[in-house]
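Chemist: fold the following.
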Amino acid sequence: MSALPSPRDTRAAALERTRRRMGPLFQTNQVLGRRNAIGCVALEITQRCNLDCTLCYLSENSERVKDIPIQEVFRRIDRIYREFGAPTAVQITGGDPTLRKREELVAIVRYTREKGLLPTLMTNGIKATRDMLEELADAGLNDVAFHVDVTQERKGYRTEADLDPIREEYIERARGIPIAVIFNTTVCRENFDEIPDMVRFFRKHADVVGMASFQLQADTGRGVLRERDRVISLQTVREQIVAGAGIPISWDTILIGHPGCHRIGITLEANGNLHDLNDDPEFFNRFLADFQHVMLDRREPKRAVSALLSELRRRPGFAWQALRFAGRKAWGMKRDLLASGGRVHKLSFFVQNFMDATALEPERIHACSFMVMTANGPISMCAHNARRDEFILKPLFVRTEAGESIWNPLSGATLPVVPSPNARGKELA
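Modeler: Okay, the predicted model is just below:
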C-alpha cells in the first residue's frame, strides 16, 4: 500500500481537526480532541449475516452484496489512519465478519494492527471459535465484542436469562487469550426489565468481561421492531444498570462526543461487588490533560499500569494526587479487597443512543464519535444506517494487477476501465 504520514504528525493533525469539529462541545471532560480524534470507526468487511434479528441495522439488500475486495478494505484502513491517526479503535464488522474467508479476516486484522490501529472483532459469536480467536489475537486483535440478546431470535432462547449459557460459552472461548472481551446488548421492550440481571451476570464474570455495552433500539426502516418504547432512554437504561450494579455510577465525568449520544461509567470489581471509579471529575480532567499521550493497551493491563507509573515518575506533583486518589479508592474497597485476595477487575458500562432514520439530529451527526469508513470517507454511523443502500450498492473503483477496474457489488465481477483523473480511488458516482 502507499506510504503513510508519520504517526506523530497524523495524530496531531487529527486531534486538531476534531477540536475544530467539536466546537463548544470541546470541554474539560471531552475525550475527543484530547486522547482520541474519534471514539471508534466501523470497517464493514461483509454485509452477510447468519442471524435474522428483529432489530437489524443492515439493509434488505445486504445479503445480495458480495464482500468488497480486500484491496479496498486495506485502502479504507489507510484512510482511517490518515483521518484519525493511531491508535484509533477500528470495529471490524458487517454483517458478521466471521463469514468472510478466514485468511482474509486474519489479514485484515493484521494490516489494521500494523498501522498502529486497534482492531475489534464485532460478532454474534456463532463462528468465532477459540482457535479463530487465538489466530486473530496472534495477528493483533485488540478486542472481541460478542453481540448476544433476544432480538437475535436464537431458537430455544426466549429471555436474556436463557441466553446466559451462550454468554458463558463465549467467555470460556476467550478466557486466557490476550484480548479484551466486550458484550453488546440491543435494548428493546422485550429485555428492558432484564437489564439489572444482565449487569449482575457481567459482575460475576468481570475476570474476563471488561465492558458491557447497551445499545438503545433505533428504527432504521428495517426489521420487525421499529419505534422505541417510550420507557427506553439514556436515563432509564442508566438507572437499570445502576440497579444491577448495586452502587451509584458517575455517568457525567467522561464525555465522548455529543452528550445526547452515549454515556460511559467505569467501575472496579472485587469480591463480586462494584465500586465507582470516576467519582472525582477534577482528578479525571487533569489526567485527561496530562496523560493524553500515554497509550493504554487493554490487551495488556500490566503493561498499561507500567506505562502510567513511568509517566507518574516524571510528574511528581500529579503522582501525589494519584496516590491520594488510589488510597481513597483502596480504603473504600478494603473489605472486598481482603476477601478477593487483592484481585480487582475493571468493568465498564457503555450506553449508546442510536437515532431513528427519520429523526437524525444535525448537531449530533456533526459531533459524532462513532463513524463508518465508506469508499468516500467517514460518515456518522446513524446517518450511514439511515441510507445504507446508497453506500453498499454503488460500484467501486478498485485497483487490480491488471489496472483499475469497476467492481460490481451485486455480482462481484470487475470490469477494466480507464477512469478520469479526478475519479481515481473514489466511488463511481
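
Chemist: contacts and neighbour counts: CA atoms only from here.
Modeler: Noted.

Chemist: ok, now which ones touch I166?
Modeler: Neighbouring residues of I166 by Cα atoms under 8 Å, 6 or more residues apart in numbering: there are none.

Chemist: over to E153?
Modeler: 52-54.

Chemist: most neighbours, which of those?
Modeler: Using other Cα atoms under 10 Å as the neighbour test, the contacts of E153 are led by C53, with 19 neighbours.

Chemist: do you know how far that one is from T129?
Modeler: Applying Cα to Cα, to the nearest Å, the value for C53 to T129 is 21 Å.

Chemist: list the buried residues in stretch 137-154.
Modeler: Using 16 or more other Cα atoms under 10 Å as the test for burial, stretch 137-154 gives 137, 139-152.

Chemist: repeat that for stretch 367-381.
Modeler: 367-375, 378-381.

Chemist: now secondary structure too, for these, in CSV please.
Modeler: CSV is the format used below for these (DSSP: H, G, I helix; E, B strand; the rest coil):
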residue, secondary structure
A367, coil
C368, coil
S369, coil
F370, strand
M371, strand
V372, strand
M373, strand
T374, strand
A375, coil
P378, strand
I379, strand
S380, strand
M381, helix
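
Chemist: pick out the most distant pair among these.
Modeler: For those, the maximum inter-member distance is 20.8 Å, found between A367 and A375 (Cα to Cα).

Chemist: closest one of the buried residues of stretch 367-381 to D96?
Modeler: Nearest member of these to D96, counting by Cα to Cα, is V372, at 15.3 Å.

Chemist: I figured the closest one hits N385, correct?
Modeler: No: counting by Cα atoms under 8 Å, V372 does not reach N385; the two are 9.4 Å apart.

Chemist: and the lowest-mean-pLDDT helix or strand in the chain, how far out from the chain middle?
Modeler: Lowest by mean pLDDT, DSSP states H and E among the helices and strands of the chain is helix 301-313, with a mean of 75. The chain centroid and the centroid of helix 301-313 are separated by 24 Å under Cα atoms, centre = their mean, to the nearest Å.

Chemist: also stretch 313-328?
Modeler: 30 Å.

Chemist: quick one: buried residues of it?
Modeler: Applying 16+ other Cα under 10 Å to stretch 313-328 flags F318 as buried.

Chemist: CA-only coordinates of that stretch in PDB, if you can.
Modeler: Provided in PDB are the C-alpha atoms of stretch 313-328 (Å, rounded to 0.1, in the frame of the first residue of the first chain):
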ATOM      1  CA  ARG A 313       7.700   9.400  37.900                       C
ATOM      2  CA  ARG A 314       8.100  12.300  35.600                       C
ATOM      3  CA  ARG A 315       5.200  14.200  37.200                       C
ATOM      4  CA  PRO A 316       5.800  14.100  41.000                       C
ATOM      5  CA  GLY A 317       3.100  16.700  41.700                       C
ATOM      6  CA  PHE A 318       0.400  14.600  40.000                       C
ATOM      7  CA  ALA A 319       1.900  11.500  41.500                       C
ATOM      8  CA  TRP A 320       0.800  12.700  45.000                       C
ATOM      9  CA  GLN A 321      -2.700  13.400  43.700                       C
ATOM     10  CA  ALA A 322      -2.800  10.000  42.100                       C
ATOM     11  CA  LEU A 323      -1.700   8.300  45.300                       C
ATOM     12  CA  ARG A 324      -4.400  10.100  47.300                       C
ATOM     13  CA  PHE A 325      -7.000   9.100  44.800                       C
ATOM     14  CA  ALA A 326      -5.800   5.400  44.800                       C
ATOM     15  CA  GLY A 327      -5.600   5.400  48.600                       C
ATOM     16  CA  ARG A 328      -9.100   6.700  48.900                       C
END
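
Chemist: I'd like the numbering to begin with 798 instead of 1 from here.
Modeler: From this message on, residue numbering opens at 798, which makes the last subject stretch 1110-1125.

Chemist: hmm, who's touching that stretch?
Modeler: So stretch 1110-1125 is in contact with 1080, 1109, going by Cα under 8 Å, 6+ apart.
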